[in-house]
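S.K.: Got a predicted structure here, sequence first:
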Amino acid sequence: MIPAQFDYIAAKNLDEALQLLAQHKDNAKILAGGHSLIPAMKLRLMQPGVLIDISKIKDLAYIREEGGQVRIGAMTTHYQIESSDLLRRVCPLLTDAAPHLGDVQVRNKGTLGGSLAHADPAADWPAPILALGAEMVVSGAKGERVIKAEEFFVDLLTTALQPGEILREIRFAVSKGKAGQSYVKFRHPASGFAVVGVAVSLTKDAADKCQSASVGITGVAAKAYKATGVENALKGAALDDKSLRAAAAHAADGVTVNSDLFASAEYRKHLAEIYTRRALEQAASRA
Amino acid sequence: MKIEGSHTIPAPRDRVFAALTDPDVLQKCIPGCEELQKTADNQYSAKLSAGVGSIKAVFTATVCLEEVTPPTHYKLVVEGKAQPGFVKGTGSLDLAEKDGGTEINYTGDVNVGGMLASVGQRMLQATANMLAGKFFSTLEAETKG
């Protein structure tokens, strides 16, 4: 289908994009990679009057490490993450997760910031971003603010971004010590979205017990969430088969599990537990 | 698609029932309801701009109240059409007194068709839950004090 008529403006820099957004308000949408927005516009589920393209702003696409902290510009594409030697070394969770997204075309155009700001309940990125305890740096008319990943995802397709704000950067601390990470996913065979996606980032102490565990789950509920039940069950536990199984049983604690034609709530909850166990096993074996 | 749930509102049952059958209150409670006009007894026409996030569709709908049994029960029948699809739904609401408040139990059957259903299928249940949550939290605010 063909979208309704709209105006297109390529912003030269972030300040210009913010000004344009302040000027056009609700009538405008920020265009990043466009792989969620444009299909929705073609189906006329969204009919913005103006698209403000920020994908051409070079300053917003970068991957850097400074003082134990990784900073990723919001317009960094999925492929740039997938192929980053720096990330493969300091944060393999992201380079592991990236190939799970869509297909090559999507990964070449789609961006980390665009995906996070869209907040699809089955998108891959929210799970590792939660597991990394990342922070979102957001720019608006009043300046900058930082939102924790856990507070960023509010509900179905809804984030803590306020009108007039643009997600600029995603940053997180590099894991220290004996650290292991993993992302495993049950992929919907047609859409490629996560029926269930589980990201784990954990560290072991000197006795090889679990020192810290952070688990992000996508696809299971209306928004991606931190599986605090799993995390608490693991703290100080031996990372053996029995305790990983017991912890994984808490994968869907406290959330309303999605149900659709492909997977009932019961089946999806079962998958969440199985995939959480697998992600924990893999992360533990890598730590 | 079935939806069901319950919600407890800290207000007397008579007041909650009156609110649930008052078009002014209903208009505020139904998420995205821009217009609600009475066309006959217990029958209304509505314009809804419903959606999640920035995905929205504008529905023209008819809303009928059936089996109205104050202050315990009624049935809500909604039929709506939008450019990308249609929604037909019935919902039964039962009100019980509980600890000085009112417990509303609802069960419903919602059919969504057209493109809305084919592209939005995986999000329909979560959308229905979200809209029901908004409805009852507004109702709670409207029946306060």
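M.R.: Arrived safely, thanks for sending. Numbering: from 1, shown residues only, chains lettered A, B, ... in the order given.
S.K.: For the rest of this, base every contact and every neighbour count on C-alpha atoms.
M.R.: OK.
S.K.: so where do the strands sit in chain B?
M.R.: Using DSSP state E, the strands found in chain B span residues B:2-9, B:33-40, B:43-52, B:55-69, B:73-82, B:85-98, B:101-113.
S.K.: now for the fifth one, which elements pack on it?
M.R.: Just to be clear, that refers to strand B:73-82. Packing partners of strand B:73-82 (3 or more CA pairs under 8 Å, 6 or more residues apart in numbering or on different chains; DSSP states H and E): strand B:55-69, strand B:85-98.
S.K.: Quick one: check the biggest helix by length in chain B for contact with chain A.
M.R.: Longest helix in chain B by number of residues (criterion: DSSP state H): helix B:115-142. Yes. Residues of helix B:115-142 are located near chain A by CA under 8 Å from any CA of the partner chain, namely B:121, B:122, B:123, B:124, B:125, B:126, B:127, B:130.
S.K.: If you average the pLDDT over that helix, what comes out?
M.R.: Averaged across helix B:115-142, the pLDDT comes to 89.
S.K.: So which bits of that helix are buried?
M.R.: For helix B:115-142, a neighbour-count test (16 or more other CA atoms under 10 Å in any protein chain shown) marks B:116-117, B:121-133, B:135-136, B:138-140, B:142 as buried.
S.K.: ok so residue A:284 is a strand residue?
M.R.: No. Residue A:284 is assigned helix when assessed by DSSP: H, G, I helix; E, B strand; the rest coil, not a strand.
S.K.: what's the neighbour count on it?
M.R.: Residues lying near residue A:284 (other CA atoms under 10 Å in any protein chain shown) number 26.
S.K.: what's near enough to touch it?
M.R.: A:180, A:181, A:202, A:239 (CA atoms under 8 Å, 6 or more residues apart in numbering or on different chains).
S.K.: in what helix or strand does the second one lie?
M.R.: The one in question is residue A:181. strand A:178-187 (DSSP states H and E).
S.K.: who touches that strand?
M.R.: So strand A:178-187 is contacted by A:92-93, A:96-97, A:100, A:128, A:193-205, A:271, A:275, A:278-280, A:282-287 (CA under 8 Å, 6+ apart).
S.K.: at 7 Å what do you get?
M.R.: A:92-93, A:96-97, A:193-204, A:275, A:279, A:282-284, A:286-287 (CA atoms under 7 Å, 6 or more residues apart in numbering or on different chains).
S.K.: Same question for stretch B:67-75.
M.R.: Stretch B:67-75 has contacts (CA under 7 Å, 6+ apart) with B:13, B:14, B:17, B:65, B:66, B:90, B:91, B:92, B:93, B:94, B:95, B:96.
S.K.: Excluding chain neighbours, what is closest to the third one?
M.R.: Read it as residue B:17. Setting aside the residues directly before and after it, residue B:17 is nearest to residue B:71 in space (CA to CA, 6 or more residues apart in numbering or on different chains), at 5.6 Å.
S.K.: ok, now how distant is that neighbour from residue B:144?
M.R.: Distance, residue B:71 to residue B:144, using CA to CA, to the nearest Å: 18 Å.
S.K.: neighbour count winner among those two?
M.R.: Using other CA under 10 Å as the criterion, residue B:71 and residue B:144 rank with residue B:71 on top: 15 against 12.
S.K.: Would you mind measuring from that one to chain A?
M.R.: Separation of residue B:71 from chain A (CA to the nearest CA, to the nearest Å): 30 Å.
S.K.: Mean neighbour count and mean pLDDT added to the helices and strands packed on strand B:73-82, as TSV?
M.R.: As requested, the helices and strands packed on strand B:73-82 are exported to TSV (neighbours: other CA atoms under 10 Å in any protein chain shown; pLDDT from 0 to 100):
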stretch	mean neighbour count	mean pLDDT
strand B:55-69	17	91
strand B:85-98	18	93
